[in-house]
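Trainee: what follows is a predicted protein model with its sequence.
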Amino acid sequence: MKLLTTSLLPLLAATAVLSVPTSEQIPLNQLSNAVDEWREAAGDILREGERRVTKWIDIFGVERLQQHGITYELVSHPAFKDHHLRMTEPSLCDPAVKQVSGYLDIAQDKHLFFWFFEARNSPENAPLVLWLNGGPGCSSTTGLLFELGPCRISDEGKNVSYHPHSWTESANVIFLDQPVNVGYSYADGSTSVNTTPVAAEDVWAFLELFLNRFPQYSKLPFHIAAESYGGMYAPSIASVVHHKNVELSQHASSLAHGLIHINLESVMIGNGITDPYVQMASVPDAACEGEFPVFDDPDSPQCQAMRTKVPTCQRLVKSCYDFDSKFTCVPALLYCNSQLMGPVVQSGRNIYDVRRSCDRSKDGDLCYKELQWIETWMNLPATKRALGVNPDIDFQSCNMQVNQAFAMQGDGARNRAKLLPELVESGIRLLIYAGDADMACNYIGNERWVEQLENKFHEEFAKTPKQPWVTLDEGKLAGWVRSAGGDGFTAGNVTYVQVHAAGHMVPFDQPEATLDLISRWLADVPLVLNITEEAAHRPFSG
């Protein structure tokens, strides 16, 4: 179609010239206006051609689709009439590894963007990891280019650079932008998603389509990894995947229809919000007495005032837990955020890393100038075309309208920790890690909710003290570990890791240590080793 419309240009130009009177009959400015009009008409025809969708089956039997001047492979499945994958193969970021990018198209009105990278080492044996950023409303591509992907944004968004500590050193990784209207994901019309459970079913459909298309990954261990508000997403998605697996095991006919048992092995959450009742109450403790306190004096008026707000916050969150309604959850979210998080924000510190100040006029609304660089690079026409993205889409690192939509449902005050005991009981491992310089989802609250999580490892975890976590390559003390299950021969079934000298985005602040942590967790080898007394007192890296 592009060739056809391009071939019309000479004819249009010739028609324009022939239809214009001679220069003796009209002024030259009218001639110029006429040519401009024809050029605009030609551009309209070209743009219309790019909007058209053409489908065909190639000589290898692969269904193809052309749209926006981009050719995709189209992946469908009889079990998912409303879901399709539209894919291309880019070579950006890390050209040395196999990549796939494109969209999960849902019922012709929702389109979720994804970008997949094979592992740099032994991809046929490396586990498969799904990475989700939080917000809600923030693109997982920010995690890719800012934290753990095979390249990092550089040169003020003009380029990217090789990242030696990418998680793709140890895993095949999918970065998924969800829900719709996040990053490159988009909706046709007014379609939107404003609660976590709604998104989970679509993610399961995506995984089934992806693994049917790439069966070499379907036999590998699968892990869901998420950050920040991903502490809400990950339990919901894991719960859906687990229940679908149970249904498959009970109905052989489903397997006959080509559905795949997804080998869900673990859930990993970094600086997440998962149990607001426990975590919100920890804000004064972290802000006033944590490793990196916001307020110097724990008895200051600010600290005393914050502590008085905790009972009301917990009462409102408990009501949200009990009734699970936006009419109880929205007030809880608004009160706890304003009364507990508000003083921290007003302190002028970067709530994602309180070791830093935040000048939003220079660093942007989220206090990191690199997030603005990501928007620059992702909005380059060449980047969009390579990734199979409609050139008209405007990439935003975080969509505040999506954030507000979730807030107006009170989604962030709900209890997602309650979904995890069933998963843990069934053998799915749980890793919670947190940088101790973060105040958005602080490390104290994360440790407390894991300690209170009811499961068969609860008593063992509660009795287990923190032990030093030392990186294997450099032998540096990087944080502290509490773990239950595995008798010290594995990474544990329920494990909490405090990452020292790291903020909300742990892989950004401590890339080497995080790769050590994730590699050992994925391999299910112990995070705690017998070390010498000298090593135990070696200074933290940071």
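Mentor: Great, that's in hand.
Trainee: just checking, residue 211 touches residue 261?
Mentor: No - when contacts are counted by CB atoms under 8 Å, residue 211 is not listed as touching residue 261 (9.7 Å). Using the backbone N, CA and C atoms, a C-beta is placed for each residue, glycine as well.
Trainee: these two: which has the busier surroundings?
Mentor: residue 211 (21 against 16; other CB atoms under 10 Å).
Trainee: so who does that one touch?
Mentor: With contacts defined as CB atoms under 8 Å, 6 or more residues apart in numbering, residue 211 is in contact with 217-218, 260, 262.
Trainee: show me what secondary structure element comes after the one helix or strand residue 116 maps to.
Mentor: Assignment of secondary structure by DSSP states H and E places residue 116 within strand 110-117. Next in sequence after strand 110-117, counting helices and strands by DSSP H and E, comes strand 128-132.
Trainee: what's the angle from that following strand to strand 110-117?
Mentor: Counting by axes from the mean of the first three to the mean of the last three CA atoms, to 10 degrees, strand 128-132 lies at 130 degrees to strand 110-117.
Trainee: partner strands of strand 128-132, with direction?
Mentor: Looking at strand 128-132 with DSSP bridges, its paired strands and their directions are strand 172-176 (parallel), strand 222-227 (parallel).
Trainee: and the strand holding residue 116, average pLDDT?
Mentor: In this model, strand 110-117 carries a mean pLDDT of 94.
Trainee: ok so, going back, sort the contacts of residue 211 by pLDDT and name the bottom one.
Mentor: Looking at pLDDT alone, those dip lowest at residue 260, where the score is 93.
Trainee: before we move on, the earlier item: could I get the contacts of residue 211 as TSV with distance to residue 480 and neighbour count?
Mentor: What follows is the contacts of residue 211, written out as TSV (distance: CB to CB, whole Å; neighbours: other CB atoms under 10 Å):
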residue	distance to residue 480	neighbour count
217	34	21
218	36	18
260	38	20
262	32	19
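Trainee: now for residue 212, how many residues are close by?
Mentor: Using other CB under 10 Å, residue 212 has 18 other residues around it.
Trainee: now do the host helix or strand of it against strand 110-117, angle only.
Mentor: Residue 212 is part of helix 196-213 when elements are defined by DSSP H and E. Helix 196-213 and strand 110-117 meet at an angle of 50 degrees, taking the same axes, to 10 degrees as the criterion.
Trainee: can you give me the helices for the stretch 1-150 of the chain?
Mentor: 2-18, 28-51, 140-143 (DSSP state H, counting those that start in this stretch).
Trainee: over to the stretch 351-500 of the chain?
Mentor: Assigned by DSSP H, counting those that start in this stretch, the stretch 351-500 of the chain shows helices spanning 360-363, 369-378, 381-387, 400-407, 420-425, 443-452, 458-463.
Trainee: re earlier: who does the strand holding residue 116 touch, helix- and strand-wise?
Mentor: strand 99-106, strand 172-176, strand 186-187, helix 196-213 (3 or more CB pairs under 8 Å, 6 or more residues apart in numbering; DSSP states H and E).
Trainee: list the contacts of the second one.
Mentor: The reference is to strand 172-176. 112-119, 123, 126-132, 140-141, 143-144, 148-149, 167, 203, 206, 210, 217, 220.
Trainee: same question for the first one.
Mentor: The set of residues that contact strand 99-106 without belonging to it, under CB under 8 Å, 6+ apart, is 72, 82-93, 111-118, 185, 202, 205-206, 209, 214, 387-388.
Trainee: who does that strand pair up with?
Mentor: Sheet partners by DSSP bridges: for strand 99-106, these are strand 80-88 (antiparallel), strand 110-117 (antiparallel).
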